[in-house]
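> Generate coordinates for the sequence data below:
(2 chains)
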Amino acid sequence: MIQDLVVYAVFIGYAIGVLMTFGLLLTWVERKQAAVMSDRIGANRAYLRIPFTQVKLVWWGLFHGIADGVKMLLKEDFKPRPYDWYAYMVAPWVVFTPVLLVFAVIPFGGTLDPGRLVPALTDWFGGRTYPMQIARLDAGLLIVFAFGGMTIIGAMLAGWSSSNKFALLGALRAGSQMISYELVMGLTVLGLVLIYGTVDLFDIVSQQSGRVGGLPAWGIVFQPFAATLFMAAAIAENKRIPFDLPEAESELISGYFTEYSAMKMGLFMFAEFIEIAIIAALFTTLFLGGPNLPYMGDAGFAFPGGYEIPMSHGAVVATQVLVFLGKVALLCSFQILIRWSLPRFRYDQVLKFAWKFMLPLALVNLVATVVWMWARHG
Amino acid sequence: MKKYVYVRRRYWNEPTMGWWERAYLFEILRGLAITGGVFLRNMGKWVTGRKGALTSYYPEETRPDYAAANRGKHVLTQRPDGRPQCVACNMCATVCPAKVIEIEAAFDPGDPTHPKYPSRFEIDYSRCVFCGLCVEACPEDAIRMAKEVPDFPSPDRMNMWLGKEELLTWQPQCDVAKPYPPAGGAAR
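Numbering: from 1, shown residues only, chains lettered A, B, ... in the order given. Here you go, the predicted structure:
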């Protein structure tokens, strides 16, 4: 019992640490990647000076995130006068918390056997093994969609409670857009659920560890079309360019969080950046095999032709965690690439794109999957 | 009441899209390939120790390739005896849109042809917009702009003033090729 508590405390600490680090680093990565993509240098002036010396640590502008945080904490917390106090205060947290909660069901590694990892504790753990996931729930994927849907409420609350026309318009746009794309997202994932026969994310990941005809048995191999649609719908869910209509600066100032300032506005931004990492983690889990590498099992690498590289349990766990983080980082970078390449849609185009283009395609994909499954398994 | 029917206006240069462009995804992938390629090219330069950007780190690094006609730092031209050409008419200060020039006129009884001269001539570079109107307004060709930029970025705006002495003694290379008085001019 105590053992479970200790292990899960470590997992939760790791998850929160990873998400916060990603949130902080992504502000820097976004700036720098945008700069490099457009032949610029990017933010490089913030520095930490080592006390009592003139040594200034610039580190390629890595401390701009800290400067942002300090600025947001110290700024005046402006509040509009005729506003709904409770909803206004709660809205940023309603946006921020579900984003963190989604990570609870995402497996970030394989199976952990702490007794083998730390020999001194072998007796204490008594051969218990843990899937590296905060909560292994049967309803994993459903939990993801349930919590993902809650951020809509936060955006609507924020727009409604700040008594500002632009904020309200932004909230309406956010509501309609996110509901439309939620549907598309759910339909694209249904094909995968049919193939794997489960919504338990750990099961889905372990089923992706094999190989199919020379390719890793990842979701993207079975459902490349669904993967593309899922990525597009997820970016629309996150309300980033090219789908950033709810906060279109040229039309709505800042959309539903126009009237928020200081750290409350920071929470909205931070939630957006963490959601980039969450989307990347979800995509990795569903379509890129999670922490699996091709030819890697629980005992190390086993290449065809009998060539094997045995690894200790610690090395396997570390590799799996690092592989997961690497995939997530690459996908974050890909999302930033999209954000800095594509122009923004018009508002009617966004909804048309969801209902008249992506939804039929998702349905076609689902029907094709059903027919294929029926032909294969009868 | 007449029913209004909206008819979308057609232009002679309507964009024409084939099914390839209409499918959207392929063109998106092409765009991503272009931006991703630029990213990888620049990243490759940064990683191998070269500079992958067109930007210059301004205060630490100044560009050597200013155009010959670049409007940079001001120069007060001098008479052959070293006194300023300026007659303190205040035309430059009047025309200046940013109101950065401050001139204090003085009387010099020893020079009957140019009795009025500036005892103070100061320019606030923290506000100067480098429009060159002062150069055009000057009736005496007393103020010019060299191609080099005034190089004093500073956290204190009081450090960004230049006075008469600096403006007179600062003689850039490019101004030597354009000496005063001009050859063949009226001053000979």
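> residues touching residue A:62, list them.
Residue A:62 makes contacts with residue A:28, as judged by CB atoms under 8 Å, 6 or more residues apart in numbering or on different chains. C-beta: built from backbone N, CA, C; applies to glycine.
> measure it to residue A:325 for me?
18 Å (CB to CB, to the nearest Å).
> can you give me phi and psi for residue A:57?
Phi and psi for residue A:57, reported as degrees, to the nearest 10, are phi -90, psi 110.
> I figured it was touching residue A:46, is that so?
No. Checked against CB atoms under 8 Å, the pair residue A:57 and residue A:46 is beyond contact range at 9.8 Å.
> which of these two has more neighbours?
Using other CB atoms under 10 Å in any protein chain shown, the more surrounded residue of residue A:57 and residue A:46 is residue A:46, with 19 against 11.
> Secondary structure of the more buried one: a strand, I assume?
No. According to DSSP: H, G, I helix; E, B strand; the rest coil, residue A:46 belongs to no strand; its state is coil.
> Next up, the contacts around residue A:133.
Counted by CB under 8 Å, 6+ apart, residue A:133 has contacts A:11, A:104-109, A:201-202.
> tell me which element the one residue in the stretch 251-378 of chain A that gets nearest to chain B is part of?
Nearest residue of the stretch 251-378 of chain A to chain B, counting by CB to the nearest CB: residue A:341, 4.3 Å away. For residue A:341, there is no host helix or strand (DSSP states H and E).
> didn't it look like it was pressed against residue B:30?
No. Under the criterion of CB under 8 Å, residue A:341 makes no contact with residue B:30, lying 10.2 Å away.
> Neighbour count for these two, which is higher?
residue A:341 (20 against 10).
> In contact with that one, which residues?
Going by CB under 8 Å, 6+ apart, the list of residues near residue A:341 reads A:37, B:31-32, B:34-35.
> Which members of these are positioned in helices?
Using DSSP state H, the members of the contacts of residue A:341 that fall within helices are A:37, B:31-32, B:34-35.
> buried subset of the residues you listed?
For the ones in helices among the contacts of residue A:341, a burial check counting by 16 or more other CB atoms under 10 Å in any protein chain shown picks out A:37, B:32, B:35.
> For the top strand by length along chain B, which helices and strands make contact with it?
Criterion DSSP state E: the longest strand present in chain B is strand B:116-124. Judged by 3 or more CB pairs under 8 Å, 6 or more residues apart in numbering or on different chains; DSSP states H and E, the packing partners of strand B:116-124 are strand B:101-107, strand B:161-162, helix B:164-169.
> how about those, which one is nearest residue A:207?
Residue A:207 lies closest, by CB to CB, to one member of those: strand B:161-162, at 72.7 Å.
> is it true that residue A:317 touches residue A:109?
Yes. Between residue A:317 and residue A:109 there is a contact under CB under 8 Å: 6.1 Å.
> can you list residues touching both of the two?
Both residue A:317 and residue A:109 are contacted by residue A:132, under the criterion CB under 8 Å, 6+ apart.
> related to what we said a few turns ago, pick out the lowest-pLDDT one from the contacts of residue A:133.
Among these, residue A:109 has the lowest pLDDT, at 81.
> Any regions of chain A where pLDDT drops low?
A:82, A:378 (pLDDT under 70).
> what about the residue in the stretch 151-300 of chain A positioned nearest to chain B, which helix or strand?
At 7.0 Å from chain B, residue A:228 is the closest residue in the stretch 151-300 of chain A, using CB to the nearest CB. If you go by DSSP H and E, residue A:228 is part of helix A:224-237.
> for that helix, which positions count as buried?
Buried residues in helix A:224-237, counting neighbours by 16+ other CB under 10 Å, are found at A:225-237.
> between those residues, which is closest to residue A:281?
residue A:234 (10.8 Å).
> Can you tell me the element the spatially closest residue to the closest one that is not a sequence neighbour falls in?
Nearest residue to residue A:234, sequence neighbours excluded (CB to CB, 6 or more residues apart in numbering or on different chains): residue A:279, at 4.4 Å. Using DSSP H and E, residue A:279 falls within helix A:262-287.
> so how far is that helix from its chain's centroid?
Remark: helix A:262-287 is offset 5 Å from the chain centroid, using CA atoms, centre = their mean, to the nearest Å.
> rewinding a little: quickly list what's touching both of residue A:57 and residue A:46.
Joint contacts of residue A:57 and residue A:46 (CB under 8 Å, 6+ apart) are residue A:63.
> Only the buried residues of stretch A:46-56, if you could.
Buried residues in stretch A:46-56, counting neighbours by 16+ other CB under 10 Å, are found at A:46-47.
> quick one: contacts of it?
A:57-58, A:61, A:63-64, A:66-67.
> Also stretch A:72-91?
Stretch A:72-91 has contacts (CB under 8 Å, 6+ apart) with A:154-155, A:157-158, A:160-164, A:259, A:261-266.
> Now restrict those to buried residues only.
Buried among the contacts of stretch A:72-91 (16+ other CB under 10 Å): A:154-155, A:157-158, A:160-162, A:164, A:259, A:261-266.
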